[in-house]
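# how does the following fold in three dimensions:
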Amino acid sequence: MPLRISLGPGERLVVGGAVIRCAGAPAQILIENKVPVLREKDIIPPEGADTLAKRLYFVIQLMYMDADNLADHYAAYWPLAYEVERILPDAASLIAQINRKLFEQDFYKALRLAKKLIQLEKQASERLASR
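Numbers count the residues shown, from 1 in each chain. Reported below is the predicted structural model:
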């Protein structure tokens, strides 16, 4: 079954490494084979990875989009995962779920879980700031 994506004017999408931008009116795109797909709103650029959880998300994003360098991305992932778990003990079960998805090479689902990790980190930061 193809993946149907709606793009608004100017909205970007990365499909298998190619950046696609909607140049005019809203468009419907069908992706008929299995390739990495990320909407612009789900992409963290390198300069946007400014917290531990965002850096972890960024590395998983690289795993998803750049399969040719998986070993390097895994090497970058593990120290970050340990550090996140050390600083945010509440994140242990979420990190375990992410690890399981990475083991299964289900990088898209790992990204979805990493988004939750970013929210958890943000909440913890807000709690600390309000003290």
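# tally of neighbours for Glu32?
8 (other Cβ atoms under 10 Å). For glycine as for every other residue, the C-beta is placed from the backbone atoms N, C-alpha and C.
# run through the residues that contact the closest residue to it other than its chain neighbours.
Residue nearest to Glu32 in three dimensions, not counting chain neighbours: Pro2, with 4.6 Å by Cβ to Cβ, 6 or more residues apart in numbering. By Cβ atoms under 8 Å, 6 or more residues apart in numbering, the contact set of Pro2 is 30-32.
# need phi/psi at Pro2.
phi -70, psi 150 (degrees, to the nearest 10).
# would you check how far apart it and Val35 are?
Counting by Cβ to Cβ, to the nearest Å, the gap from Pro2 to Val35 is 12 Å.
# and of the contacts of Pro2, the nearest to Arg55?
If you rank these by distance to Arg55 using Cβ to Cβ, Ile31 comes first, at 28.3 Å.
# I figured the closest one hits Leu7, correct?
No. The pair Ile31 and Leu7 fails to qualify as a contact (Cβ atoms under 8 Å) at a distance of 11.8 Å.
# who has more neighbours out of the two?
More crowded of Ile31 and Leu7, by other Cβ under 10 Å: Leu7, with 19 against 14.
# how about that one, nearest residue that isn't a chain neighbour?
Counting by Cβ to Cβ, 6+ apart, Cys22 is the residue found nearest to Leu7 once chain neighbours are left out, at 3.9 Å.
# and the pLDDT at the one you found?
Cys22 carries a pLDDT value of 92.
# give the contact list for it.
Counted by Cβ under 8 Å, 6+ apart, Cys22 has contacts 7-12.
# how does it look with 10 Å?
Applying Cβ atoms under 10 Å, 6 or more residues apart in numbering to Cys22 gives the contacts 6-13, 29.
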